[in-house]
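Predicted model and sequence follow; I will ask about them next.
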Amino acid sequence: MAVFQRFQRLQTLHVAPRRLKPQTCNVTVHRTVTERIQQRHAHDVVPTRRPFSRVTSDDLSFFNDLLPGRTITDPDMLESCNVDWLKTVKGSSEVLLRPKTTEEVSQILRYCNKRNLAVSPQGGNTGLVGGSVPVFDEIILSTALMNRVLTFDSILVIFTGILTCQAGCVLESLSQYVEERDFIMPLDLGAKGSCHIGGNVSTNAGGLRLLRYGSLRGTVLGLEVVLADGRVLDCLAKLRKDNTGYDMKQLFIGSEGTLGVVTAVSILCPRKPKSVNVAFLGCSSFQNLLETFQICRGMLGEILSAFEFLDASCMSLVEKHLKLTNPIAESPYYIVIETAGSNAAHDEEKLHDFLEKVTASSLVADGTVATEEAKIKALWSIRERITEALRHDGYTYKYDVSLPLEKIYDLVTDMREHLGNQAKNVVGYGHVGDGNLHLNVTSPSKDEALLAAIEPYVYEWTWKWRGSISAEHGLGLKKRNYIYYSKSQEAVRLMRDFKAMLDPKGILNPYKTLPDDVR
Ligand SMILES: O=C(O)CC[C@@H](O)C(=O)O
Ligand SMILES: [Zn+2]
């Protein structure tokens, strides 16, 4: 493998890409969507507080009796729970509840529903769309103390890999727990040190391993959910297959705490791979990067576990703000490829052949490969810590879109041109393997004119190419009024009906996910 620690440019391979047609512009439909959004000036809409009750001293007595020492009203302690990680959405809740059991969550919600008190469920508060913090004075219901592993299944002495745990377990702790037993979590994200598994499920978090292990819609086997009126829905099955009627858990995966509070999760963990390699490569064009991906899928096949990218602007930001070092020669685009398999010699041979092919054809200009854990971590941190670097760069406008692969970077290029010098930085990175681009725009401070130049332009663009305006972060508070760019009116109406059925008073995570005016 030493020969691939660094490799050189050879010649360029030209493969004509298959062009994709934009959405046949049904002008009427398009205009309807656009007008609906523009009329509302969606990015400016600050919701009006709905007529929920205000917390009284009687309510506090009830909560104190139920959760002695875990009913928090100290403003200093409430401060960090009222504001999101990006520090762009700030609520003014005066009560933080920290239950330890499902029964306590059930009693809290039964009481809040009766009293018409709004509730903002909160996990690790790492969300990026303002979905995990109160907007007004909603009671914060934190899962932080619901952090017990319940079971890790085994048949005699052999583990099956089915983990059942409470919703407040931190993803990284779960990873450690299952790794000690020779398994891994099927998902991995930059926020793993703080995010909770319940929050991951509620937002249907994607992350860096989705390419290999699929989404939580497949790996979550069962859920326990407390409904708005306090009923406990036990769908905590541990079965690989179960076709008995509607798959209820799917309703709660990705519904951002608006339909129920996830209190426990059963999840299928893959075996820990015996051999892991990470290659960090540089490409001179995005077209070369896409061709590298095509070849990679073909040649690495079943051992490919991640294919991520970042552009040169991301690299500059992690160098500048986090003092990370670029391990290879400067390039316009960088790729992080991970392989995970069961036979080191076999995996290395495959990787070797692949790298030889892409360097010989000059698709890849430079690169480095890591097999030891510390170096693997260092390479991954360049990709994983971009979000953190962007936060240092200024106020960040974040877009998380699914697009046809061949259009994925054109949005960044167009946006740069469209914004000119209005923006400080316009960067692109993300999950090439999943067709998911993270477009981020920074400015020295919050800038309404800049926001108006980005939105709805970015959503129009995504709609035109039949993309999704939220590939993995959800709609939360910030994007809910743009839902029509990705969902039909009928679909949104049905969502409203589900919400009305499960939470008739609308106490669960109000002002999130669904638009203000469902027509
Ligand atoms: O900060 C972002 O926009 C993306 C965060 C996360 O989804 C990632 O893939 O790193
Ligand atoms: Zn992502």
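Sure thing, it's come through. Ligands and ions are numbered 1, 2, ... in the order given.

Can you name the residues of the stretch 51-200 of the chain that neighbour ligand 1?
Within reach of ligand 1 by C-beta under 6 Å from any ligand atom, the stretch 51-200 of the chain has these residues: Leu128, Gly190. C-beta here means a position set from N, CA and C on the backbone, and glycine is covered the same way.

In the stretch 51-200 of the chain, which residue sits nearest ligand 1?
Residue of the stretch 51-200 of the chain nearest ligand 1, by C-beta to the nearest ligand atom: Gly190 (4.7 Å).

Look at that residue and give its secondary structure.
The three-state label given to Gly190 by DSSP: H, G, I helix; E, B strand; the rest coil is coil.

what about the residue nearest to it when sequence neighbours are not counted, how many residues close to it?
Residue nearest to Gly190 in three dimensions, not counting chain neighbours: Glu384, with 4.1 Å by C-beta to C-beta, 6 or more residues apart in numbering. Neighbourhood size, Glu384 [other C-beta atoms under 10 Å]: 20.

who's in contact with Glu384?
Leu189, Gly190, Leu208 (C-beta atoms under 8 Å, 6 or more residues apart in numbering).

Just among the residues you listed, which is most surrounded?
Of the contacts of Glu384, with other C-beta under 10 Å as the count, Leu208 tops at 23 neighbours.

Relative to Phe309, how far out is it?
Note on Leu208: its distance to Phe309, by C-beta to C-beta, to the nearest Å, is 12 Å.

surely the residue of the stretch 51-200 of the chain closest to ligand 1 meets Thr387?
Yes. Applying C-beta atoms under 8 Å, one finds Gly190 in contact with Thr387, separated by 5.8 Å.

Can you pull the phi/psi pair for the residue nearest to Gly190?
For Glu384, the backbone dihedrals (degrees, to the nearest 10) come out as phi -70, psi -30.

try Tyr111
phi -70, psi -50.

wouldn't it be in contact with Asp65 here?
No. Tyr111 lies out of contact with Asp65 (C-beta under 8 Å); the separation is 10.7 Å.

If you count surrounding residues, which of the two has more?
Per other C-beta under 10 Å, whichever of Tyr111 and Asp65 has more neighbours is Tyr111, with 15 against 9.

what's the more buried one in contact with, if anything?
Contacts of Tyr111 (C-beta under 8 Å, 6+ apart): Asp59, Phe62, Leu66, Leu117, Gly230.

Would you mind measuring the gap between the ends of stretch 206-220?
This stretch, stretch 206-220, spans 13 Å end to end (C-alpha to C-alpha, to the nearest Å).

Give me the residues contacting it.
Under C-beta under 8 Å, 6+ apart, the answer for stretch 206-220 is 186-190, 200-201, 204-205, 249-250, 253-254, 265-268, 270, 304-308, 338, 340, 380, 383-384, 431, 433-434, 436, 471-472.

Same question for stretch 152-165.
148-151, 174, 177-178, 181-183, 185, 197, 221-222, 236, 238, 264-271.

Buried among those residues? Need that as a selection in PyMOL.
Here is the PyMOL command that selects the buried residues among the contacts of stretch 152-165 (16 or more other C-beta atoms under 10 Å):
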select buried, resi 174+177+178+183+185+197+221+222+236+238+264+265+266+267+268+269+270
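
quick one: which of the contacts of stretch 152-165 sit in helices?
Within the contacts of stretch 152-165, residues falling in helices by DSSP state H are Leu174, Tyr177, Val178, Ile197.

Checking the closest residue to ligand 1 within the chain next. Helix, strand or coil?
The minimum distance from the chain to ligand 1, using C-beta to the nearest ligand atom, falls at Thr387 (3.4 Å). Following three-state DSSP, the label given to Thr387 is helix.

And Gln122, how far from Gly198?
Distance from Gln122 to Gly198, by C-beta to C-beta: 10 Å.

Identify the contacts common to the two.
In contact with both Gln122 and Gly198: Thr143, using C-beta under 8 Å, 6+ apart.

Kindly give the local confidence score, pLDDT, for the residue of the chain closest to ligand 1.
The score at Thr387 is 98. That number is its pLDDT.

Thought Gly127 was touching it, still the case?
No. Counting by C-beta under 8 Å, Thr387 stays clear of Gly127, with 11.8 Å between them.

more neighbours, the two?
Neighbour totals were compared for Thr387 and Gly127, and Gly127 leads with 28 against 20 (other C-beta under 10 Å).

What is the burial count for Phe63?
Using other C-beta under 10 Å, Phe63 is surrounded by 24 other residues.

And Ile376, its phi and psi?
phi -60, psi -50.

Please list all residues in contact with it.
Contacts of Ile376 by C-beta under 8 Å, 6+ apart are Val276, Asn277, Val278, Ala370.

Below-threshold pLDDT in this protein: ranges please.
1-45, 156 (pLDDT under 70).

Keeping just the C-alphas, turn the helix or strand containing Glu103 into PDB.
Take DSSP states H and E as the rule and Glu103 turns out to sit in helix 102-115. In PDB, the C-alpha atoms belonging to helix 102-115 read as follows (Å, rounded to 0.1, in the frame of the first residue of the first chain):
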ATOM      1  CA  THR A 102     -41.000   6.600  29.700                       C
ATOM      2  CA  GLU A 103     -43.600   6.700  32.400                       C
ATOM      3  CA  GLU A 104     -42.400  10.200  33.400                       C
ATOM      4  CA  VAL A 105     -42.600  11.400  29.800                       C
ATOM      5  CA  SER A 106     -46.100   9.900  29.600                       C
ATOM      6  CA  GLN A 107     -47.200  11.800  32.800                       C
ATOM      7  CA  ILE A 108     -45.700  15.000  31.600                       C
ATOM      8  CA  LEU A 109     -47.500  14.900  28.200                       C
ATOM      9  CA  ARG A 110     -50.800  13.800  29.700                       C
ATOM     10  CA  TYR A 111     -50.600  16.800  32.000                       C
ATOM     11  CA  CYS A 112     -49.500  19.300  29.300                       C
ATOM     12  CA  ASN A 113     -52.200  18.100  26.900                       C
ATOM     13  CA  LYS A 114     -54.900  18.600  29.500                       C
ATOM     14  CA  ARG A 115     -53.500  22.000  30.400                       C
END
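
Alongside ligand 1, which residues does the stretch 301-450 of the chain contribute?
Residues of the stretch 301-450 of the chain lying near ligand 1 by C-beta under 6 Å from any ligand atom: Thr387, Lys398, Asp400, His438, Asn440.

Please identify which pair of the residues you listed lies farthest apart.
The largest separation in these, counting by C-beta to C-beta, is between Thr387 and Asp400 at 10.9 Å.

Now do the shared contacts for the two.
By C-beta under 8 Å, 6+ apart, the residues touching both Thr387 and Asp400 are Leu128.

related to what we said a few turns ago, let me have the contacts of Tyr111 in TSV, extended by secondary structure.
Shown next, in TSV, are these (three-state DSSP):
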residue	secondary structure
Asp59	helix
Phe62	helix
Leu66	helix
Leu117	coil
Gly230	coil
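
now, the most widely separated pair of those residues?
The widest separation within the contacts of Tyr111 (C-beta to C-beta) is 15.3 Å, between Asp59 and Gly230.

For the top helix by length along the chain, buried residues please.
Identified as the longest helix of the chain according to DSSP H is helix 344-360. By neighbour count on 16+ other C-beta under 10 Å, the buried set for helix 344-360 is Asp347, Glu348, Lys350, Leu351, Phe354, Leu355, Lys357, Val358, Thr359.

Hmm, Arg148 is touching Ala167, no?
No. Taking contacts as C-beta under 8 Å, Arg148 lies outside contact range of Ala167: 10.2 Å.

sorry, back to before: would you mind checking which of the contacts of Ile376 is nearest to Leu450?
Among these, and counting by C-beta to C-beta, the member closest to Leu450 is Val278, at 35.8 Å.

quick one: the closest one is in a strand?
Yes. Judged by three-state DSSP, Val278 forms part of a strand.

Show me the contact partners of stretch 243-250.
Against stretch 243-250 from outside (C-beta under 8 Å, 6+ apart): Arg217, Val220, Gly222, Leu223, Val225, Leu233, Cys235.

Fine by me, thanks again.
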